[in-house]
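Novice: 3D, please:
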Amino acid sequence: MVRITLFSAIMATFAIVAVTATAAEADAAKPPIQTLSKGVSEDLDDEGKPMQYINSVFGDEDDDDYTPEQLEQRSVMRRTKHHHKHSRKHKSKTSSRKLFTVGPASSDSLWSNNVQITWYASHDLQNPQCGNGGGSWQPENSSHIGAVVKGWTDGPQCGEFVKLCNKDANNHCVQVRVIDKCAGCGENHVDLTKSAFKKLSPSGSLTEGRIHGLQMYRSGQKPNPWDIALFGPKLLQG
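Specialist: Numbers count the residues shown, from 1 in each chain. Model prediction:
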């Protein structure tokens, strides 16, 4: 009985070795699994740098677009973000952001040389047709987003960034993200938020209502850091 048991154990050992060898050969035939080194991010900008996402809460600060209650709330939020001993210069840091450029960047390519802009606001901005991140974010008057007509031949698509420039407004250029459809627009027409429109208005206000003759560029680079308050979440499905 002892010999039979020993013989069975030896045979079982050979079987395990054979199965292990077969599995190893099968694994060797499989393509290698691609892994990322620790600290390497898949979410990169156009220059290959890791994307940074921030939420300024306020977006583009145009105080005249807010009610007194909203202005007071904004003031409280500012105070909570800065230590009381900070100087006034530090307290106004967010409002001093320059959200326009003078002229396009070298990486921008001309898309259209004769674009008109209008503006829409408040409740009309809510629930954009391109999505709002599943309802977790809604555009505000202080966002930098735009709406275009559905079916614009070779026009900007949902989620794309464009740069609009107006030579008659000191050549100011503003980067906006297309996240909505405009039923009343035609081709070469972008409907903007109030804050984006003002940056491109010669008067710096909304009084023009409609402005013709702007240049629209394919924006060569996505914003980095990416301000969610300005452009919404990266994924727009909703």
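Novice: Would you map out the domains in the chain?
Specialist: Split into domains by automatic domain parsing, the chain comes to 1-29, 95-231.
Novice: Tell me which of those is the most buried.
Specialist: Most buried of the domains of the chain by mean neighbour count (mean count of other C-beta atoms under 10 Å) is domain 95-231; its value is a mean of 18. Any C-beta I mention is one placed from the backbone N, CA and C, and that applies to glycine too.
Novice: which regions of this structure sit below the pLDDT cut-off?
Specialist: Residue ranges of the chain with pLDDT under 70: 1-42, 62-97, 238.
Novice: In three-state terms, label residue 130 for me.
Specialist: The local conformation at residue 130, judged by DSSP: H, G, I helix; E, B strand; the rest coil, is coil.
Novice: List the residues that contact the closest residue to it other than its chain neighbours.
Specialist: For residue 130, the nearest residue in space outside its immediate sequence neighbours is residue 158; the separation is 3.6 Å by C-beta to C-beta, 6 or more residues apart in numbering. If you count contacts by C-beta atoms under 8 Å, 6 or more residues apart in numbering, residue 158 has them with 129, 130, 131, 178, 179, 236.
Novice: What count of nearby residues applies to the last one?
Specialist: Right, the one you point to is residue 236. Burial of residue 236, expressed as a neighbour count using other C-beta atoms under 10 Å, amounts to 20.
Novice: looking at the domains of the chain, which is closest to residue 52?
Specialist: Go through those one by one with C-beta to C-beta and the one that ends up closest to residue 52 is domain 95-231, at 4.0 Å.
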